[in-house]
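Novice: give me the fold of what follows.
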Amino acid sequence: QVQLVESGGGLVQAGGSLSLSCAASGLTFSWYALGWFRQAPGKEREFVAAIRWSSGSTYYADSVKGRFTISRDNAKNTVYLQMNSLKAEDTAVYSCAAGLGPSLATAKYNYWGQGTQVTVSS
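Specialist: Take a look at the predicted model:
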């Protein structure tokens, strides 16, 4: 049974930093990409960042490139999203997901966590 459990959300001022964690279990990790997505009120869910578990290669949405960093800890089966220079428009529910595919840009995500709220005050 696959489980993805996010933590670390909260309220932060614009310009500040926040780190999210996603503890994963039940996966054959070497097959998967782990991604972060976000959904703001009234908007569609959007891709944020992804990391290939086996190689550590990463891929980012243009909107977060240079501000967010995705990483993983193999020993803890955990993926992190370090978010710096946060903006009000980063406010959303952030969810992690596990997916398959040869390309991080087009991986199909079929396992999802419950999400964690990130609120950036301006």
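Novice: count of neighbours near residue 36?
Specialist: Counted with other Cβ atoms under 10 Å, the neighbours of residue 36 add up to 26. C-betas here are computed from N, CA, C, even on glycine.
Novice: revised request: answer the last question for residue 9.
Specialist: 18.
Novice: can we start the residue count at 36 from this point?
Specialist: Fine by me, first position is 36 from now on; the one you just mentioned is residue 44.
Novice: who's in contact with the closest residue to residue 136 other than its chain neighbours?
Specialist: Using Cβ to Cβ, 6 or more residues apart in numbering and skipping the chain neighbours, the partner closest in space to residue 136 is residue 142 (3.6 Å). By Cβ atoms under 8 Å, 6 or more residues apart in numbering, the residues touching residue 142 are 68, 70, 85, 134-136.
Novice: what ranges do the helices span in the chain?
Specialist: For the chain, no helices are identified by DSSP state H.
Novice: how about the most centrally placed residue in it, what does it touch?
Specialist: In the chain, the centroid-proximal residue (Cα atoms, centre = their mean) is residue 71; its distance is 2.2 Å. Shown in contact with residue 71 (Cβ under 8 Å, 6+ apart): 55, 57, 83-85, 105, 114, 116, 129-132.
Novice: which stretches of this structure have low pLDDT?
Specialist: By pLDDT under 70, the chain contains no weakly predicted segment.
Novice: closest to residue 40 among the contacts of residue 71?
Specialist: residue 57 (6.9 Å; Cβ to Cβ).
Novice: quickly list what the closest one is bridged to.
Specialist: residue 41, residue 114 (DSSP bridges).
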